[in-house]
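*Asks:* With the input below, show me the fold.
(chains A and B)
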Protein chains: 2
Amino acid sequence: MSNKTVEYVQSNKQRMLDELKELLRIPSVSTAPEHKSDVDSAARYVADKLKAAGLENVEVIATDQHPLVYADWLHAPGKPTVLCYGHYDVQPADPLELWHTPPFEPTERDGNLYGRGTSDDKGQMYMHVKAVETLMAVYGKLPVNVKFLIEGEEEVGGESVAKYVAENPAKLKADVALVSDTEMYAEGMPTLCIGLRGLVYTEIEAVGPMRDLHSGVYGGAAPNAVFGLVELLAKLKDADGHINVPGIYDDVRPPEPAEKESWERLPFSETEFLKAEVGSCQLTGEPGFSVFERTWARPTLEVHGIAGGFTGSGAKTVIPAKAVAKVSMRLVPDQDPAKVIAAFKEYVKQATPAGIQTEVRILSAGPAIMVNPDHPAIDVAAKAFSEMLNSPTVFIRSGGSIPIVGDFAKHLGIPTILMGFGLPDDGLHSPNEKFKIDNYYTGIMTIAHFLEQYGQ
Amino acid sequence: MSNKTVEYVQSNKQRMLDELKELLRIPSVSTAPEHKSDVDSAARYVADKLKAAGLENVEVIATDQHPLVYADWLHAPGKPTVLCYGHYDVQPADPLELWHTPPFEPTERDGNLYGRGTSDDKGQMYMHVKAVETLMAVYGKLPVNVKFLIEGEEEVGGESVAKYVAENPAKLKADVALVSDTEMYAEGMPTLCIGLRGLVYTEIEAVGPMRDLHSGVYGGAAPNAVFGLVELLAKLKDADGHINVPGIYDDVRPPEPAEKESWERLPFSETEFLKAEVGSCQLTGEPGFSVFERTWARPTLEVHGIAGGFTGSGAKTVIPAKAVAKVSMRLVPDQDPAKVIAAFKEYVKQATPAGIQTEVRILSAGPAIMVNPDHPAIDVAAKAFSEMLNSPTVFIRSGGSIPIVGDFAKHLGIPTILMGFGLPDDGLHSPNEKFKIDNYYTGIMTIAHFLEQYGQ
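*Replies:* Have a look, this model is predicted:
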């Protein structure tokens, strides 16, 4: 890549980091109504910085929930168009007591930047902005046409951006999308993600008696909403982690042998994974499948949270009237979210214990996504990444879900380059989320380099 | 009974109710550390009113947790001694949003007094104080010797009073204990309770990964503390409500045929019970046992509350690191709490799923209690109750637990008269707990009448 762009990034390091910190200080928690104004502030901050970088037609677009930010630069006729996507919203920071430093006061420690959103996704999204700034500053123009679409609902299902993409295919027309919301397989290893799991996120509410009852007086005759929900949830999976919903595995497409083989070549130690990342007494999951298969290519079901009855300190002898749980399923190719939802609802209905009434609410739904690694843009990206880190690029999947990638494929007909600079121990969605500061700069330079190469 | 005592109660009705309301306004929630000073205030209030009623040697006794109140009047030589017990502490009021009027602002509606503790047990305990006041006011003395022992930890296991009874048998020496903390089988039906279930109350904590993990990245390989706890809890009972802990039914003594027959003569409608009291879509519990057997004479297991992971509004895709549940078992004759605890802990250990670590904490433990209905004091009580309400007294059991009754038997060698004036729909431990105001006055008069008869 050009020395000029490297020099520019080097000589603007501190400012580029300070700007990111300013964005991280805004607690733009999209799921929390009390943070609505923070979410709006984050959107405006991103819009301002896109303008400052030299982007044009900058818009903060109101939606039913949180605003979208759009910007473009379209003065490279005959060159391809890249649609840069990212999100400025973050997960809630709780449990707060487990953070070593405040989640919304970004703190440097041991070469990392700690704070909610550092890697997911403010830090990575902002690399795109700084890459464009760098190219504009150095050349006074961009090597390709660029569009930005930054959303604020990624952590809550991304409904508004999905609707916007569906309704504005002409405006968003591009040759490829570029997303930095994934991780490098290992430090220093250029990684492109070519598969993402889908997600169906639900909330199950169970109701037993009409009010909390005295467990002495009624215990033995009255249904217990918490226990009823517990019984139901326990029926959703067997002890090996198989999902019991009938038909759920029918449409699962196993990975091709070549892809499975490439996973086997990745450096991986189950012991290290257990110790450094998971930290439980053992790993779990379906027997007969590797950790890669279990987390990348198999559907899973998780209970994210449960609440009901008395949970204060001490003892209260009630039979609870109501309980609620958050339950999601990760989907893989070729599972259809609508089919999964229907089967799940039917099974919950059948598995609901006597005396209990349940309701399933669907909070979000999106299918799994696969990108063709032989697409020309992916090829350029893999080469650019490899050149920058001086190491061959590996192709992996992620167990997580980025629904927008499916929307880009469906409505714009384009593939997405998932070029992530996070690291496996970044603690996404956890306390003490971090982003390696060097990766932030490497990301800016790599994206600039990719755009240069793609414009050749 | 004497006209004079009736007249005294009649002409002091409003004051007697106002005093009770004042006591009810003190939020003496014994399980909540933030209510410690309220608990102390309630103890002092009871002590002051005992003194005002004419009792002597009034003491507020400091303990490791909440104070005991003691008082006596011992000037009836040759007459028996009655030990009046009750509790001034109450259950937490949550869920607050379900109360029609504030839990600690007692409110009269349709002949009832609504508020936390109205029937359990402030209202019923205070009847004893007012009965003694009445007799002292009318006769200048009492027909029997009387001791009062009122505690503030009944709703949290009653450790301090148990210790005090064990250590002070001479001071508390009596012929019979009198407790009003149970209910009448039906309105207008004099009822003595001769059986109580025991209770073992536990808290189970489950730990999975070392921190909350991203469910996309780790789902399929990492254990989930909430789901692990759910799997464990579901194994504690089968679909019929049988407890799966090995050996738990070994020492269960079935009720005698005569007692079972007396239960069959009680007016009872399952439909009415379901509709008016439980309010679920159906009753549950062990097949082959009547509702009376299931709630009075069979051990049961309940989950009182559960918490873990994300339960805010919206979606958060975490694999939770930790979860906790409150679990109790009601015991019947002749189950031994220590044996039950050992079996329960062992079973939890065995039933804990792979990848999860659990810890069981015992919050309280007490055995079931049976009182001999042929004891002379019980006989006098049954007759006095019957005369006052002009209806035969019935003998029932309660599914609840009053551990002090076991302590009186063990350390003082005396039976307990469980003479309750609550009604089945009083909503103990629930929102909108109430006490029928007429029953408050009837209770005062009945207790006074019993003391008169017992002194003959």
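
*Asks:* Break down the stretch 1-150 of chain A into its helices, ranges please.
*Replies:* Counting by DSSP state H, counting those that start in this stretch, the segments of the stretch 1-150 of chain A that form helices are A:3-11, A:13-24, A:36-53, A:122-139.

*Asks:* now for the second one, which elements pack on it?
*Replies:* What that stands for is helix A:13-24. Helices and strands touching helix A:13-24, by 3 or more Cβ pairs under 8 Å, 6 or more residues apart in numbering or on different chains; DSSP states H and E, are helix A:36-53, strand A:112-114, helix A:122-139, helix A:437-454. Just so you know, the C-beta spots here come from the backbone N, C-alpha and C atoms, and that holds for glycine as well.

*Asks:* Now do the strands in the stretch 351-456 of chain A.
*Replies:* A:357-366, A:369-370, A:394-398, A:416-419, A:434-436 (DSSP state E, counting those that start in this stretch).

*Asks:* Okay, buried residues for the first one please.
*Replies:* What that stands for is strand A:357-366. With burial defined by 16 or more other Cβ atoms under 10 Å in any protein chain shown, the residues of strand A:357-366 counted as buried are A:358, A:360, A:363-366.

*Asks:* roughly how far is it from the heart of the chain?
*Replies:* Mean-position distance between strand A:357-366 and its chain equals 20 Å (Cα atoms, centre = their mean, to the nearest Å).

*Asks:* circling back: return the member of the helices of the stretch 1-150 of chain A having the minimum mean pLDDT.
*Replies:* For the helices of the stretch 1-150 of chain A, mean pLDDT drops lowest on helix A:3-11, to a mean of 95.

*Asks:* what's that one packed up against?
*Replies:* helix A:122-139, helix A:437-454.

*Asks:* Would you mind listing the buried residues in the helix or strand harbouring A:Ile306?
*Replies:* Assessed by DSSP states H and E, A:Ile306 sits inside strand A:300-309. Buried residues in strand A:300-309, counted by 16+ other Cβ under 10 Å: A:300-309.

*Asks:* returning to that earlier point: adding mean neighbour count, write the helices and strands packed on helix A:3-11 out as JSON lines.
*Replies:* Shown next, in JSON lines, are the helices and strands packed on helix A:3-11 (neighbours: other Cβ atoms under 10 Å in any protein chain shown):
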{"stretch": "helix A:122-139", "mean neighbour count": "24"}
{"stretch": "helix A:437-454", "mean neighbour count": "23"}
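
*Asks:* Redo these as CSV? Include distance to B:Ala258.
*Replies:* Converted to CSV, those look like this (distance: least, Cβ to Cβ, whole Å):
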stretch, distance to B:Ala258
helix A:122-139, 75
helix A:437-454, 80
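
*Asks:* Let me have the ones you listed in TSV, adding distance to chain B as columns.
*Replies:* Below are those laid out as TSV (distance: least, Cβ to the nearest Cβ, whole Å):
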stretch	distance to chain B
helix A:122-139	15
helix A:437-454	17
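
*Asks:* B:Gly455 is nearest to which of those?
*Replies:* helix A:122-139 (80.6 Å; Cβ to Cβ).

*Asks:* Export the helices of the stretch 1-150 of chain A as CSV, with columns for distance to A:His375.
*Replies:* Converted to CSV, those look like this (distance: least, Cβ to Cβ, whole Å):
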stretch, distance to A:His375
helix A:3-11, 25
helix A:13-24, 30
helix A:36-53, 27
helix A:122-139, 20
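
*Asks:* Of the ones you listed, which is nearest B:Leu178?
*Replies:* The nearest among the helices of the stretch 1-150 of chain A, by Cβ to Cβ, is helix A:36-53 at 59.4 Å.

*Asks:* which helices and strands does that closest one pack with?
*Replies:* helix A:13-24, strand A:56-61, strand A:68-73, helix A:122-139, strand A:145-151.

*Asks:* tilt between that helix and strand A:68-73?
*Replies:* Orientation note: helix A:36-53 sits at an angle of 0 degrees relative to strand A:68-73 (axes from the mean of the first three to the mean of the last three Cα atoms, to 10 degrees).

*Asks:* Would you mind listing the buried residues in helix A:36-53?
*Replies:* By 16+ other Cβ under 10 Å, the buried positions in helix A:36-53 come out as A:38-43, A:45-47, A:49-50, A:53.

*Asks:* Next, the angle from it to helix A:13-24.
*Replies:* Here helix A:36-53 runs at 150 degrees with respect to helix A:13-24, directions being taken by the same axes, to 10 degrees.

*Asks:* How far off centre is helix A:36-53?
*Replies:* 20 Å.

*Asks:* ok, residues contacting it?
*Replies:* With contact meaning Cβ atoms under 8 Å, 6 or more residues apart in numbering or on different chains, helix A:36-53 is reached by A:19, A:22-23, A:26-30, A:58-60, A:66-69, A:71, A:88-89, A:122, A:125-126, A:129-130, A:132-133, A:136, A:148, A:150, A:152.

*Asks:* The same query, at a cut-off of 6 Å, please.
*Replies:* Applying Cβ atoms under 6 Å, 6 or more residues apart in numbering or on different chains, the contact partners of helix A:36-53 are A:23, A:26-28, A:30, A:58, A:60, A:66-67, A:69, A:71, A:88, A:129, A:132-133, A:148, A:150, A:152.

*Asks:* now stretch A:157-168
*Replies:* Applying Cβ under 6 Å, 6+ apart, the set of residues contacting stretch A:157-168 from outside is A:63, A:65, A:68, A:151, A:153, A:364, A:403, A:407, A:411.

*Asks:* Looking at those, which is nearest B:Glu452?
*Replies:* Among the contacts of stretch A:157-168, and counting by Cβ to Cβ, the member closest to B:Glu452 is A:Ser364, at 71.0 Å.

*Asks:* and the residue of the stretch 1-150 of chain A found nearest chain B, what does it touch?
*Replies:* Nearest to chain B, among the residues of the stretch 1-150 of chain A, is A:Thr31, at 3.4 Å (Cβ to the nearest Cβ). Neighbouring residues of A:Thr31 by Cβ under 6 Å, 6+ apart: A:156, B:314.

*Asks:* Name the residues of the stretch 51-200 of chain A found near chain B, please.
*Replies:* A:92, A:156 (Cβ under 6 Å from any Cβ of the partner chain).

*Asks:* can you rerun that using 10 Å?
*Replies:* Counting by Cβ under 10 Å from any Cβ of the partner chain, the residues of the stretch 51-200 of chain A close to chain B are A:91-92, A:94-95, A:98, A:120, A:155-157, A:182-183, A:196-197, A:199.

*Asks:* cool, the stretch 351-456 of chain A as well?
*Replies:* The stretch 351-456 of chain A comes close to chain B at residues A:353-357, A:363-364, A:398-402, A:422, A:424, A:426-433, as judged by Cβ under 10 Å from any Cβ.

*Asks:* Which members of those residues are classed as buried?
*Replies:* For these, buried by 16+ other Cβ under 10 Å: A:353-356, A:363-364, A:398-402, A:422, A:426-433.

*Asks:* Buried among the residues of the stretch 51-200 of chain A next to chain B? Need that as a selection in ChimeraX.
*Replies:* Applying 16+ other Cβ under 10 Å to those, the buried members can be selected in ChimeraX as follows:
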select /A:91,92,94,95,120,155,156,157,182,183,196,197,199
